[in-house]
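> need coordinates for the following:
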Amino acid sequence: RGNWNNYWKFKVLVSLACSFWFGGLISFYSASAFLSNSLWFSAGLFLAIGLTHITFVVLTQKVSFVQACVGTWKWDRVLEHMATSMNDGNGSTALTDLTHEKVDHLFDQIDSDGSGEIDADELKEALDRMGIKLTRMNIVTMIAVVDENSDGVVDREEFHTLVSMATLRATHKQESKKRRG
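Presented below is the predicted three-dimensional model:
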């Protein structure tokens, strides 16, 4: 019963907690046995534990090592999903296909109360409708990145900044893939 979609995250967290607990025990006992080398032993042990978990993320999520270390693959998927939704369902995932008018239209759709500003609840609701599940904390962080006047909401100009930032990131990713491939 229930939603098992994120069960793998629970397993990762439990294994991470157990491995660090076990690593702590090993480090504690190694300190008495290998007094002069215990710091190196502990550092190596915890590095191995961390690399094991990063490798797990790389293999299960099909992301690069760097993305697994810093967690940026979530944003890439969010941006791609947003681009698909914003491009009138024409299948295009290019944020660069967005015109000024499309961004304004999208802003008006997200601004459900017509206040001329998008708050965290409106943005979360819009992203949920697009099938993008983010925590309130992630959405508040997104808003804070472009909130020039620190009022906690995104006005039309700040929304254009947010979309421009996403467009630049998407363009950079496409160019990087072309250079590698």
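
> E158 contacts V146, correct?
Yes - in this structure E158 lies within contact range of V146 using C-beta atoms under 8 Å: 4.6 Å. Placement of C-beta: from N, CA and C, glycine included.

> joint contacts of these two?
The overlap between the contact sets of E158 and V146 (C-beta atoms under 8 Å, 6 or more residues apart in numbering) is empty.

> look at those two and report which has more neighbours.
E158 (20 against 17; other C-beta atoms under 10 Å).

> low pLDDT regions in the protein?
1-3, 61, 72-98, 131, 170, 181 (pLDDT under 70).

> and the longest helix for it?
Secondary structure of the chain per DSSP state H: the longest helix is helix 7-33.

> okay, buried residues for that one please.
Neighbour-count burial for helix 7-33, with 16 or more other C-beta atoms under 10 Å as criterion, is recorded at S19, F20, G23, S27, S30.

> identify the residues contacting the third one.
Pointing back at G23 there. Applying C-beta under 8 Å, 6+ apart to G23 gives the contacts S42, L45, F46, I49.

> let me know the outermost residue of this structure.
Most distant residue from the mean C-alpha position of the chain: A33, 42.4 Å away (C-alpha atoms, centre = their mean).

> quick check: it vs D104, distance?
To D104, A33 is 68 Å away according to C-beta to C-beta, to the nearest Å.

> mark which of the contacts of G23 are part of helices, please.
Short answer: the contacts of G23 in helices (DSSP H) are S42, L45, F46, I49.

> can you list these in TSV and add neighbour count?
Output for the ones in helices among the contacts of G23, formatted as TSV (neighbours: other C-beta atoms under 10 Å):
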residue	neighbour count
S42	18
L45	18
F46	16
I49	16
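
> ok, those vs A68, which is closest?
Nearest to A68 among the ones in helices among the contacts of G23, counting by C-beta to C-beta, is I49 at 14.5 Å.

> ok, the spatially closest residue to the closest one that is not a sequence neighbour - contacts?
Excluding the flanking residues, the one nearest I49 by C-beta to C-beta, 6 or more residues apart in numbering is S19, at 4.8 Å. The contact partners of S19, by C-beta under 8 Å, 6+ apart, come to I49, T52, H53.

> now stretch 36-44: buried residues?
S38, S42.

> that one: how far from the chain's middle?
33 Å (C-alpha atoms, centre = their mean, to the nearest Å).

> CA atoms only for that stretch, dumped as CSV, please.
Output in CSV follows, covering the C-alpha atoms of stretch 36-44 (Å, rounded to 0.1, in the frame of the first residue of the first chain):
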residue,chain,number,x,y,z
SER,A,36,49.4,7.4,14.8
ASN,A,37,47.5,6.5,11.6
SER,A,38,43.9,6.7,12.9
LEU,A,39,43.1,10.0,11.3
TRP,A,40,44.2,8.8,7.9
PHE,A,41,42.3,5.6,8.4
SER,A,42,39.1,7.5,9.3
ALA,A,43,39.5,9.9,6.4
GLY,A,44,39.9,7.0,3.9
